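Participant: Starting from these lines, generate the structure:
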Amino acid sequence: MSKKQIEECIRASLESYFKDLRGEEPHSMHEMIISVVEKPLLEVVMQHAEGNQSRAAEWLGINRNTLRRKLVEHKLIK
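Facilitator: A predicted model of the protein is given here:
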């Protein structure tokens, strides 16, 4: 799947989200979207990195300590 395909998938999901609101105004969308995207991203990357946090952090382009914090926040590790 290309970057463009991922963007199209997200765009379609957001349009569906607004449709489901039926005129109600959304709240805290940025936080919601980041959290619902970040958790599966971390899960899949960690799986493909075979649990190697250093490798996963490198693939994600983030610091290993940042990765650990995010894994804890999403309750993927203790």
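
Participant: just checking, next helix/strand downstream of the helix or strand residue 38 falls within?
Facilitator: Per DSSP states H and E, residue 38 falls inside helix 29-48. Next helix or strand after helix 29-48 toward the C-terminus (DSSP H and E): helix 53-60.

Participant: Check the spacing between residue 41 and residue 54 real quick.
Facilitator: Separation of residue 41 from residue 54 (CB to CB, to the nearest Å): 17 Å. In this view, the C-beta of every residue, glycine as well, is placed from N, C-alpha and C.

Participant: Same drill for the two, tell me which one is more crowded.
Facilitator: Of the pair residue 41 and residue 54, residue 41 is the one with more neighbours under other CB atoms under 10 Å, namely 14 against 10.

Participant: Leaving out chain neighbours, which residue sits closest to the more buried one?
Facilitator: Using CB to CB, 6 or more residues apart in numbering and skipping the chain neighbours, the partner closest in space to residue 41 is residue 60 (7.8 Å).
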